[in-house]
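Student: I would like the atomic coordinates for the input below:
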Amino acid sequence: MPIRIPRHLPAAQLLEKENIFVMDDERAITQDIRPLNIVILNLMPEKQKTEAHLLRLLGNSPLQVNITFLKTVTYEAKNVSASHMREFYTDFSSIRHRRFDGMIITGAPIEHFDFEDVQYWTEITDMMNWAEEHVTSILHICWGAQAALYHHYGITKFPLQEKCSGIFHHRIYHGENPIKLLRGFDDEFIAPHSRYTNISEEEVLQHSELKLVASSKEAGPFLIMDKDGKHIMATGHLEYDTHTLQEEYERDLNRGLNVRLPAHYFPNNNPNERPINRWRSHAHLLFSNWLNYYVYQETPYVWE
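Tutor: Numbering: from 1, shown residues only. Sure thing, here's the model as predicted:
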């Protein structure tokens, strides 16, 4: 699926080097097909890295995807240039009249705050309520997943004694006949996690509107969805690059934080050895399955 993005977006050059099919606006308008329109609310501090993480995975199937990056107005990003935000991001007021086939709400490093104390919580909940009527399927990641579980289903997060960081084994819940989201997945797979909070697996299992899709004995619930695929919550980060956890670990050390090595991540548990990416194939599968089965197959050809 070629991704339609602005020609000068910094991630474009990186993705082209990786043979990810990137299409600029001029070429896109020559294709007589109905593209998927995906809006990404990017709350991560390092915007450009997250852009590359997500676009890499959205560009791996045969249809055209139009990407719109969304920003908050009640909080101004500090780790990216103002010119980048002006050129490539828009605010909610500019798109709230539109309908989108899919939406991604990313994580954010604000887990130590109660949801209502987050500076842009009112703005985020306004977007989540809007998406109920204007988006076919929403993929929520990490803090975005916890925010959706709290806002839509009343399931709250709780603090961990130490950061959950590393690569953890997961099993498909009741995996003899896995749902379409995990079609092609191995019975057991690994995925990165990076957070200071968690949610109760028991609360998820007891909620009549939710399905637990995959879980880890060490990291807890990972993939959760509602019954019709409108909301898909991923508490971890399958989209992470090989070195993302390493970069976060080194950043935390430089800040003077007392953090452990990411679990099961560095070979021989040695931070001087190069990490090995063992989750890439499942990351591509998850995003391809979401786009195919919950966006493309479900969205109307013409929004009324």
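
Student: check the offset of the helix with the most length in the chain from the chain's centre.
Tutor: Counting residues, the longest helix in the chain under DSSP state H turns out to be helix 121-134. Distance of helix 121-134 from the chain centroid (C-alpha atoms, centre = their mean, to the nearest Å) equals 17 Å.

Student: stretch 97-108 too?
Tutor: Relative to the chain's own centre, stretch 97-108 is displaced by 10 Å; criterion: C-alpha atoms, centre = their mean.

Student: contacts for the longest helix of the chain?
Tutor: Contacting residues not belonging to helix 121-134 are listed as 41, 70, 72-74, 92, 96, 98-100, 103, 105, 115, 118, 138, 147-148, 151-152, 230 [C-beta atoms under 8 Å, 6 or more residues apart in numbering]. All C-beta spots, glycine's among them, are computed from the backbone N, C-alpha and C.

Student: now which of the residues you listed would you call buried?
Tutor: Burial of the contacts of helix 121-134 was assessed by neighbour count (16 or more other C-beta atoms under 10 Å); the buried members are 41, 70, 72, 92, 99-100, 103, 105, 115, 118, 138, 147-148, 151-152, 230.

Student: before we move on, what SS does the nearest residue to R260 once chain neighbours are set aside have?
Tutor: Among residues not flanking R260 along the chain, E162 sits closest, at 6.4 Å (C-beta to C-beta, 6 or more residues apart in numbering). Taking DSSP: H, G, I helix; E, B strand; the rest coil as the rule, one finds E162 in the strand state.

Student: how much space separates E162 from N270?
Tutor: Using C-beta to C-beta, to the nearest Å, E162 is found at 20 Å from N270.

Student: in three-state terms, label the residue lying closest to H243 once chain neighbours are set aside for me.
Tutor: With sequence-adjacent residues excluded and distances taken as C-beta to C-beta, 6+ apart, H243 is closest to P275, at 6.4 Å. Classification of P275 by three-state DSSP places it in coil.

Student: so which of the contacts of helix 121-134 are in helices?
Tutor: Among the contacts of helix 121-134, the members falling in helices (DSSP H) are 147-148, 151-152.

Student: which one among those gets closest to T197?
Tutor: Ranking those by separation from T197, with C-beta to C-beta as the measure, puts A147 on top at 11.1 Å.

Student: right, and that closest one touches I105 too?
Tutor: Yes - with contact defined as C-beta atoms under 8 Å, A147 and I105 form a contacting pair (7.3 Å).

Student: which residues are in contact with each of the two?
Tutor: Each of 124, 128, 140 lies in contact with both A147 and I105 under the rule C-beta under 8 Å, 6+ apart.

Student: top of those residues by neighbour count?
Tutor: Highest neighbour count within the shared contacts of A147 and I105: H140, with 27 neighbours (other C-beta atoms under 10 Å).

Student: how close does that one get to H264?
Tutor: Per C-beta to C-beta, H140 is found 25 Å from H264.

Student: and what of R278?
Tutor: Look at R278 and H264: by C-beta to C-beta, they are 9 Å apart.

Student: give me the common contacts of the two.
Tutor: Taking C-beta under 8 Å, 6+ apart as the contact rule, the neighbours common to R278 and H264 are 167, 190.

Student: now do the same contact list for S94.
Tutor: Contacts for S94 were tallied using C-beta under 8 Å, 6+ apart; there are none.
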